[in-house]
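Trainee: next one to model:
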Amino acid sequence: MAISLMRCGLRSAAFNFERAASVLSSTSAQTQMKLIHTKVTCNGKVCYIQRQEPRELDLVEQALALRRNYSKQHGRPEENRRKKEADSDSDSDSDTECKGFDRSEFWRRKMRTVHNILDVDKDGLISFNDFLLLSERFKALGHLDDEQAKEFTAIIKLTWEEQWGAIDPYNFVTVEQYLEDMHHVLNDKTLKKKAHRWLPYLFKAVDKDKSGFISVNEFKLFFQCLGLSNEHAAVAFAVIDTNGDGKVSLKEFVKLGKDFFTSEDETRVSKMFWGPLTEV
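Mentor: Here you go, the predicted structure:
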């Protein structure tokens, strides 16, 4: 690849060009980074392109790019997602008929909120390890018996494989990919039914007294596992406890959790289920 160097004269019509030495292209990550990190430098008369050594931030960006590329290659194939959507269009619920990113900004905001919660290590990407870390928080409460804990782990694993493919340390889900994939999941009746089957285990994990209902204090345990505050839990519980009896049943809990993902109605109380919506 030849890099053209432009000589800038002080007189408007005087333009001279110089040819830089050819740079052989390479597929190695090191060569790619050397080609990417360039900047224009001017000394008053001449403007030329100068190569910069990669900064630490740039190296992180390159690593993330490589991991995203790996996710695309080893996650759930794009053509499979498209085929599933095409096969299920006629069966789509009225609440999930939107195509692509025609969904409301409100819905996308909710999905970004969940992505941030599932990103337990806060590196901007969701991995299977994040799923495990989140499940371990709930299991660490000690309210699931051994059989329930095993089932919970198995369902978490199965959910990841069905939605994002390979369980691999380099299979990551970006915010954009999460938005797109959740759209496809909700347009596939089979995946939609399976997508949130782990919700009952979250309920059972915080149902400390095993009463079949959770109180505001038990709901605070739920939010603590999500990395949210007791104050946010109290506010959310007051909103979702529509009959004011001070408790939420398993059926209500699961319905609220599912409705959060499917509804684009901003008046639904389910918008409070996963805490305050992100402002980004």
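Trainee: which residue is the nearest non-sequential neighbour of Ala195?
Mentor: Nearest residue to Ala195, sequence neighbours excluded (Cβ to Cβ, 6 or more residues apart in numbering): Val185, at 5.2 Å. Heads up, the C-betas are built off the backbone N, CA and C, glycines and all.
Trainee: that neighbour: what's it in contact with?
Mentor: Gln163, Leu191, Lys192, Ala195 (Cβ atoms under 8 Å, 6 or more residues apart in numbering).
Trainee: check contacts around the last one.
Mentor: Taking Cβ under 8 Å, 6+ apart as the contact definition, Ala195 lies against Thr159, Gln163, Val185, Leu186, Phe261.
Trainee: most neighbours among these, which one?
Mentor: In terms of neighbours by other Cβ atoms under 10 Å, the contacts of Ala195 top out with Leu186 at 23 neighbours.
Trainee: and the residue nearest to Ala195, that's in a helix?
Mentor: Yes: under DSSP: H, G, I helix; E, B strand; the rest coil, Val185 falls within a helix.
Trainee: how close does it sit to Arg137?
Mentor: Distance check for Val185 against Arg137: by Cβ to Cβ, to the nearest Å, it reads 24 Å.
Trainee: where does the stretch 51-200 of the chain have low pLDDT?
Mentor: 51-101 (pLDDT under 70).
Trainee: contact partners for the closest residue to Val248 other than its chain neighbours?
Mentor: Leaving out its chain neighbours, the residue that sits closest to Val248 by Cβ to Cβ, 6+ apart is Ile214, at 5.3 Å. By Cβ under 8 Å, 6+ apart, Ile214 lies in contact with Phe203, Val206, Asp207, Phe222, Lys247, Val248, Phe253.
Trainee: and these, which two are furthest apart?
Mentor: Phe222 and Lys247 (13.3 Å; Cβ to Cβ).
Trainee: for those two, work out which one has more neighbours and name it.
Mentor: A side-by-side neighbour count of Phe222 and Lys247, using other Cβ under 10 Å, places Phe222 first with 25 against 17.
Trainee: ramachandran coordinates for the more buried one?
Mentor: phi -60, psi -50 (degrees, to the nearest 10).
Trainee: secondary structure element holding the residue nearest to Trp198 when sequence neighbours are not counted?
Mentor: The shortest distance from Trp198 to any non-neighbouring residue, by Cβ to Cβ, 6+ apart, is to Ile155 (5.0 Å). Ile155 belongs to helix 146-164 when assigned by DSSP states H and E.
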